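Asker: give me the fold of what follows.
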Amino acid sequence: MTEAQSHPIRRALISVYDKTGLIPFAKALVGRGVELISTGGSARALADAGLPVKDVAAETGFPEMLDGRVKTLHPAIHGGILARRDLESHQTALAQHGLREIDLVVSNLYPFEATVARGAAWAECIENIDIGGPSLIRGAAKNHDFVTIVTAPADYDAVLAEMAAHGDATTLDLRRRLAGLAYARTAAYDAAIAAWMAGERGDAFPETMTIAGTRRQLLRYGENPHQLAAFYATTDARPGVATARQLQGKELSYNNLNDTDAAFELVAEFDRPAVAIIKHANPCGVAVAGDLLDAYRKALACDPVSAFGGIIALNRRLDVATAEALAGLFAEVIIAPEVDEAAAAALARKTQLRLLVTGAMPDPVAAGHTWRSLAGGFLVQDRDAGQVKPADLTVVTKRKPTTGELEDLLFAFRIAKHVKSNAIVYAKGGATVGIGAGQMSRVDSARIAALKAAEAGVAAGTPSPAIGSVVASDAFFPFADGLLAAADAGATAVIQPGGSKRDDEVVAAADERGLAMVLTGIRHFRH
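Answerer: Below you'll find the predicted structure:
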């Protein structure tokens, strides 16, 4: 190995907020003859553990000042970190100024993200912006040919293992890996600060937007086997797949995660017990009822064929009766805020089934952003937090909807928000009875939804459940043909945003068929 690859660790600077595992690590370093330099609370913790430690102030000849804001920002520290060991000029400069090399930097940062997350005031958040730590980390990472940088307790063992194997030195491969982790950490830290500052000044879309995530899982593949993929979590604590505990089952795939997120966000829309069954990011059955078991049966009846191999989301604690019913369907994932022990036991025999518990439900009207990549960039928008209430509706037909129709119209429109455009949803009695998704023509979506309803009726030995249903459209009807297709299927009432140049024609067609129609003034495109 070259000099850069084999430089041993003789002196270590330790300056950490998170002291997890610090004392055993430091003891191991001392046992290998490493001299410790440290700051503030880290130095006290090391000294209290009986370890020999030199305070940074003794190294710099300058006291800590400004309430701890200035400790390590000194040439005696940064010179020892940044000096190249293979340049005579650097070594001469160290000697001229009486500076000594630092071979290992152990540093993690003030808990800025956690401080913001608990709602601290502006001044406290500012005080939790670390300055010296990122400087140490970035300096050590830049000079990784000679210096080892450790920013997480999880890497302590790797450093000790390499020192044991390589005569108290670390390999260049490890130092490069740790340097990359170090820059990723400082980048994410700065991204969190920038995002918080933008939010505090009400700038939803700042001139420069950075997104940071922590890898949760390397996935087997992406949407298709030839695509590599991984799952990253942000600091957003929104309950869902990123916060869930997996109680059983195979590893989640890219498509599992995408579909499970869609399912859980959908059932969060409802205050009553709700169940959604999702296939390829679109619902194939959704229902609300007095309890989960009834809601599941109604949701499954909408399209039992498509439900096979789907994702099932619930917005209540999963009970054993519902779990036993769910066990009768092959499903990829079940996600719920809580799961009874008996319910988990009832599903345990389905060893391939993934069972996820989130601990809470997301707020469907909470502010937030969604992202989508483009070639060379990305799109950012507010999360679609729109929810239509009865007071928001405008009746535009001669006939007003009945109370039952109105309840189903509002239910169906909330479902349409989660169906890929063009979206048509037939609903009756708090359950979907036909869903048409993702068609280029709205009339085709209406016909497909009607066909699905008719097929469900055949399977159940009944007339099409679309007869006597209501219909929701995620956007306006550009022509009357889509509305007429719904009327032909048996729908009696319609909810849609309105705003077409041909609204008058659509209203006239509804009146001619005796339909009730309400306009929302808000659309729910989902692409």
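
Asker: next, the buried residues of stretch 385-394.
Answerer: Buried positions in stretch 385-394, judged by neighbour count with 16 or more other CB atoms under 10 Å: 386, 388, 393. Every residue, glycine included, has its C-beta placed from N, CA and C.

Asker: sorry, slip of the keys, the one I care about is stretch 112-121.
Answerer: Across stretch 112-121, burial judged by 16+ other CB under 10 Å covers 112-113, 115-116.

Asker: separation between the residue of the chain most remote from its centre and H90?
Answerer: Centroid-distance maximum for the chain: Q96 at 52.4 Å, with CA atoms, centre = their mean. Distance, Q96 to H90, using CB to CB, to the nearest Å: 11 Å.

Asker: a markdown table for the buried residues of stretch 112-121, including distance to L247?
Answerer: Converted to a markdown table, these look like this (distance: CB to CB, whole Å):
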| residue | distance to L247 |
| --- | --- |
| F112 | 33 |
| E113 | 28 |
| T115 | 32 |
| V116 | 31 |
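
Asker: distance to A43, secondary structure and pLDDT added to the buried residues of stretch 385-394, as a markdown table?
Answerer: As requested, these are exported to a markdown table (distance: CB to CB, whole Å; DSSP: H, G, I helix; E, B strand; the rest coil; pLDDT from 0 to 100):
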| residue | distance to A43 | secondary structure | pLDDT |
| --- | --- | --- | --- |
| G386 | 54 | coil | 90 |
| V388 | 60 | coil | 94 |
| L393 | 66 | coil | 96 |
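
Asker: show me the contact partners of stretch 512-522.
Answerer: 386, 388, 392-397, 399-402, 405-406, 409, 413, 483-484, 487, 491-499, 506-507, 510 (CB atoms under 8 Å, 6 or more residues apart in numbering).

Asker: now, which of those lie within helices?
Answerer: With DSSP state H as the criterion, helices contain 405-406, 409, 413, 483-484, 487, 506-507, 510 from among the contacts of stretch 512-522.

Asker: now, which of the residues you listed sits nearest T234?
Answerer: In terms of CB to CB, no member of the ones in helices among the contacts of stretch 512-522 lies closer to T234 than F413, at 29.4 Å.

Asker: burial check on that closest one, number of neighbours?
Answerer: Per other CB atoms under 10 Å, the neighbour tally for F413 reads 28.

Asker: and the residue nearest to it when sequence neighbours are not counted, which helix or strand is it part of?
Answerer: In this structure, F413 finds its nearest non-sequential neighbour in A472, 4.4 Å apart by CB to CB, 6 or more residues apart in numbering. A472 belongs to strand 470-473 when assigned by DSSP states H and E.

Asker: can you spell out which helices and strands pack onto that strand?
Answerer: helix 403-416, strand 424-427, helix 442-460, helix 481-489, strand 493-496 (3 or more CB pairs under 8 Å, 6 or more residues apart in numbering; DSSP states H and E).

Asker: now find how far off-centre the last one is within its chain.
Answerer: Counting by CA atoms, centre = their mean, to the nearest Å, strand 493-496 is centred 33 Å from the centre of its parent chain.

Asker: so what does it touch, helix or strand wise?
Answerer: helix 403-416, strand 470-473, strand 516-519.

Asker: switch those over to TSV; also include distance to V275 and mean pLDDT.
Answerer: Listed next are the helices and strands packed on strand 493-496 as TSV, based on distance: least, CB to CB, whole Å; pLDDT from 0 to 100:
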stretch	distance to V275	mean pLDDT
helix 403-416	12	96
strand 470-473	18	96
strand 516-519	26	96
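
Asker: can you say which of these is packed in most?
Answerer: strand 470-473 (a mean of 32; mean count of other CB atoms under 10 Å).
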